[in-house]
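> model this:
(4 chains)
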2 protein chains.
Amino acid sequence: MTLLKNPVFQQFRKNGALTAEEEKRLLGLEQKPRRVDASDPLWHENDTVDAFCILKQGWAYSFRNLDSGAKQILKLYLPGDIIGMRDFGFSHRLAGVEMIDEGVVCPFSHQQLFEVMDYSATLASGIVAIAVRQQAMLTERLVYVGRHTAQQRLAHFLYELYLRLSRIEAVKDNTFSLPLSQEQVGDALGLSSVHVSRTFSMLRDEGLVLRDRQRIQLPDPMALASMAEFSDAYLDESMPSPFLDLHGISSRALRDAQKA
Amino acid sequence: MTLLKNPVFQQFRKNGALTAEEEKRLLGLEQKPRRVDASDPLWHENDTVDAFCILKQGWAYSFRNLDSGAKQILKLYLPGDIIGMRDFGFSHRLAGVEMIDEGVVCPFSHQQLFEVMDYSATLASGIVAIAVRQQAMLTERLVYVGRHTAQQRLAHFLYELYLRLSRIEAVKDNTFSLPLSQEQVGDALGLSSVHVSRTFSMLRDEGLVLRDRQRIQLPDPMALASMAEFSDAYLDESMPSPFLDLHGISSRALRDAQKA
DNA sequence: AAACTTCCATAACTTATGATATGACGTGTT
DNA sequence: AACACGTCATATCATAAGTTATGGAAGTTT
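Numbering: from 1, shown residues only, chains lettered A, B, ... in the order given. Model prediction:
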């Protein structure tokens, strides 16, 4: 799994919006793969921001620990995601990040990121678009944590995962693996672990979610989506047309092309 | 109020990280000021994304209307903010935006934004940093909406506003104006208007917040911050050092400078 | 296989917040 | 002045979710 496989850059490529040199520069961010174990922290809250990461394999999550001892999980990262853009422009980390299972990450520096962004506005916009899309998922969670019942929150959470995992071919027979304890699910949704358990039971009784340990099956995904009032606009993969016709603007890349 | 006065670009300038040409290009985004009345929509959810805005005067907010009839206010925009970066990379608006009071906005196009981002990595990073900071406020709200009591949510909301308004010199004697009804405050915090009223009363009884119509006074801001478990890292204005020394990378700007 | 540990289901009880209702206050309109 | 209207305070009642507790199932360690 590489950044080029990210839905945003996939769409660029489908429209011939990336030159060979641009693709090469993107891949340049993934030079230094590093194995990481389950539960390994990538960094802690308040650490100095010295790098970002591309997640090649495995799941990770970002989180905040509260004074009260509670924990709020902010975001789940799946393979192909960029981790840490949230901290771009800050000197210190606003949230910790930990691996969930084992995996592979590719760290890259501010310097590398600037170089890629400077090389062409196409690459810069693509990276920004990826960061914006990640934040859109957070915004969506604010909406349903603020305004929906526990059932809807859990349904929404599971359906969103179902869609994201489908796109990276990690769903089979409407079944996928959820390597989180109910306590962690509660930490993501602002619910107690007990209430997560209750809510899973309710969804089971309604025939919407079957669960065996970490295997989740959604017998009727559409029904689940509709009870969660799920609107998938925020996961929309299509880029607006101005993005797909950037060559005329992206002057450095253009100049390089003309030289060749 | 202009984009150059935004805390992020302020810091760039203080460190001599912006050339005259770069400043000029930033100001180029503010060519077409437009007066807007109170309650004027800037756009609606699902509209095609055709422009972004710099808010010069007045307050605005973004929001989502839910099927249930409820409304979730996502973000308050104050003068100097960029509105709409949330939709960068999407074809359709994920949220509506409305003015609160009357004001002035400067719309600019995708094309203009690309041109600025392409001109130098410094400008591109600055704009991204502003967008990331706005999202950081949303993330913070997810944390306290998910994990804090109504008192803490309201206290956090008011204290955050107090800090943001202080930076644009809109606080005097610990007093500022809050042009939102209690129902709107509730829509921002995921609370009913009745409970916002109750909570205001509780904060008043504890001597933490005095209120007369739209005037809010915080007799002891630090006490309020501490009961809200407020941590101001996410509002930190300082940019990490790699940002303030970008000339060596920002090759187009450098080349132009050498020519001159 | 016994002893632990972690995770989960369920129950009983508590509490924070939502829903509904009513009256007070302020503002603008005629 | 009289009225309508929006906003807010407060009270009462309803309910979703938190808290604490207990027992069971599965996995780990000895």
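> in the stretch 101-250 of chain A, which spans are helices?
Remark: helices assigned in the stretch 101-250 of chain A by DSSP state H, counting those that start in this stretch are A:110-119, A:121-147, A:150-167, A:182-189, A:193-205, A:221-227.
> can you lay out these as a markdown table showing distance to residue B:171, mean pLDDT and mean neighbour count?
Just so you know, the C-beta spots here come from the backbone N, C-alpha and C atoms, and that holds for glycine as well. Converted to a markdown table, the helices of the stretch 101-250 of chain A look like this (distance: least, Cβ to Cβ, whole Å; pLDDT from 0 to 100; neighbours: other Cβ atoms under 10 Å in any protein chain shown):
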| stretch | distance to residue B:171 | mean pLDDT | mean neighbour count |
| --- | --- | --- | --- |
| helix A:110-119 | 34 | 87 | 20 |
| helix A:121-147 | 26 | 90 | 23 |
| helix A:150-167 | 36 | 94 | 20 |
| helix A:182-189 | 35 | 95 | 21 |
| helix A:193-205 | 40 | 94 | 16 |
| helix A:221-227 | 44 | 95 | 16 |
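> can you put the ones you listed in TSV and add distance to DNA strand C?
TSV is the format used below for those (distance: least, Cβ to the nearest atom of the strand, whole Å):
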stretch	distance to DNA strand C
helix A:110-119	35
helix A:121-147	8
helix A:150-167	11
helix A:182-189	4
helix A:193-205	3
helix A:221-227	17
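> export those to TSV and tack on distance to residue B:122?
TSV is the format used below for the helices of the stretch 101-250 of chain A (distance: least, Cβ to Cβ, whole Å):
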stretch	distance to residue B:122
helix A:110-119	9
helix A:121-147	12
helix A:150-167	34
helix A:182-189	36
helix A:193-205	46
helix A:221-227	43
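> now the ones you listed in TSV, with distance to chain B?
Below are the helices of the stretch 101-250 of chain A laid out as TSV (distance: least, Cβ to the nearest Cβ, whole Å):
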stretch	distance to chain B
helix A:110-119	4
helix A:121-147	3
helix A:150-167	10
helix A:182-189	7
helix A:193-205	13
helix A:221-227	10
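> among those helices, which is nearest residue B:149?
Residue B:149 lies closest to helix A:121-147 among these, at 14.3 Å (Cβ to Cβ).
> ok, that closest one near DNA strand D or not?
No: residues of helix A:121-147 are not located near DNA strand D by Cβ under 7 Å from any atom of the strand, the shortest gap being 9.7 Å.
> give me the residue from the stretch 151-260 of chain A nearest DNA strand D.
Nearest to DNA strand D in the stretch 151-260 of chain A, going by Cβ to the nearest atom of the strand, is residue A:195, at a distance of 3.1 Å.
> show me the contacts for that residue.
A:150, A:186 (Cβ atoms under 8 Å, 6 or more residues apart in numbering or on different chains).
> show me where the stretch 1-150 of chain A dips below the pLDDT cut-off.
Regions of the stretch 1-150 of chain A meeting the criterion pLDDT under 70 are absent.
> so which residues of it form strands?
Assigned by DSSP state E, counting those that start in this stretch, the stretch 1-150 of chain A shows strands spanning A:34-36, A:41-43, A:52-57, A:60-65, A:71-77, A:82-83, A:96-99, A:103-108.
> who are the packing partners of the shortest one?
With contacts taken as 3 or more Cβ pairs under 8 Å, 6 or more residues apart in numbering or on different chains; DSSP states H and E, strand A:82-83 sits against strand A:52-57, helix A:121-147.
> output the ones you listed as a markdown table; include the columns distance to residue B:24.
Converted to a markdown table, the helices and strands packed on strand A:82-83 look like this (distance: least, Cβ to Cβ, whole Å):
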| stretch | distance to residue B:24 |
| --- | --- |
| strand A:52-57 | 31 |
| helix A:121-147 | 18 |
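> show me what from chain A comes close to DNA strand D.
Proximity of chain A to DNA strand D (Cβ under 7 Å from any atom of the strand) is limited to residues A:149-151, A:190-192, A:194-195, A:213.
> switch the cut-off to 6 Å
Contact residues, chain A versus DNA strand D (Cβ under 6 Å from any atom of the strand): A:149-150, A:191-192, A:194-195.
> closest one to residue B:22 out of these, please.
The closest of the residues of chain A next to DNA strand D to residue B:22 turns out to be residue A:191 (Cβ to Cβ; 47.3 Å).
> Provide a list of residues in contact with the closest one.
Residue A:191 sits next to A:150, A:153-154, A:185, A:199 when contact means Cβ under 8 Å, 6+ apart.
> quick check: the two most widely separated of those?
For the contacts of residue A:191, and using Cβ to Cβ, no pair is farther apart than A:150 and A:185, which are 10.8 Å apart.
> please enumerate the shared neighbours of those two.
Counting by Cβ under 8 Å, 6+ apart, the contacts common to residue A:150 and residue A:185 are A:191, A:196.
> thinking again about what came up before, switch the contacts of residue A:191 over to a markdown table; also include distance to residue B:91.
Formatted as a markdown table, the contacts of residue A:191 follow (distance: Cβ to Cβ, whole Å):
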| residue | distance to residue B:91 |
| --- | --- |
| A:150 | 33 |
| A:153 | 27 |
| A:154 | 30 |
| A:185 | 32 |
| A:199 | 34 |
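> for those, which one is nearest residue A:52?
Out of the contacts of residue A:191, the member with the shortest distance to residue A:52 (by Cβ to Cβ) is residue A:185, at 26.6 Å.
> now the closest one. Nearest residue, chain neighbours left out?
Distances taken as Cβ to Cβ, 6 or more residues apart in numbering or on different chains place residue A:196 nearest to residue A:185, at 5.1 Å, with adjacent residues excluded.
> same question, residue A:31
Once flanking residues are discounted, residue A:31 sits nearest to residue A:106: 7.1 Å by Cβ to Cβ, 6+ apart.
> mind checking how far the one you found is from residue A:204?
Distance, residue A:106 to residue A:204, using Cβ to Cβ, to the nearest Å: 39 Å.
> can you pull the pLDDT of residue A:252?
Looking at residue A:252, its pLDDT is 52.
> ok, now residue A:237?
So, for residue A:237, pLDDT stands at 78.
> show me what contacts it?
Contacts of residue A:237 (Cβ under 8 Å, 6+ apart): A:7-8, A:10-11, A:167.
> among those residues, who's most crowded?
The residue in the contacts of residue A:237 with the most neighbours, by other Cβ atoms under 10 Å in any protein chain shown, is residue A:8 (22 neighbours).
> distance-wise, check that one relative to DNA strand C.
33 Å (Cβ to the nearest atom of the strand, to the nearest Å).
> much appreciated, bye for now.
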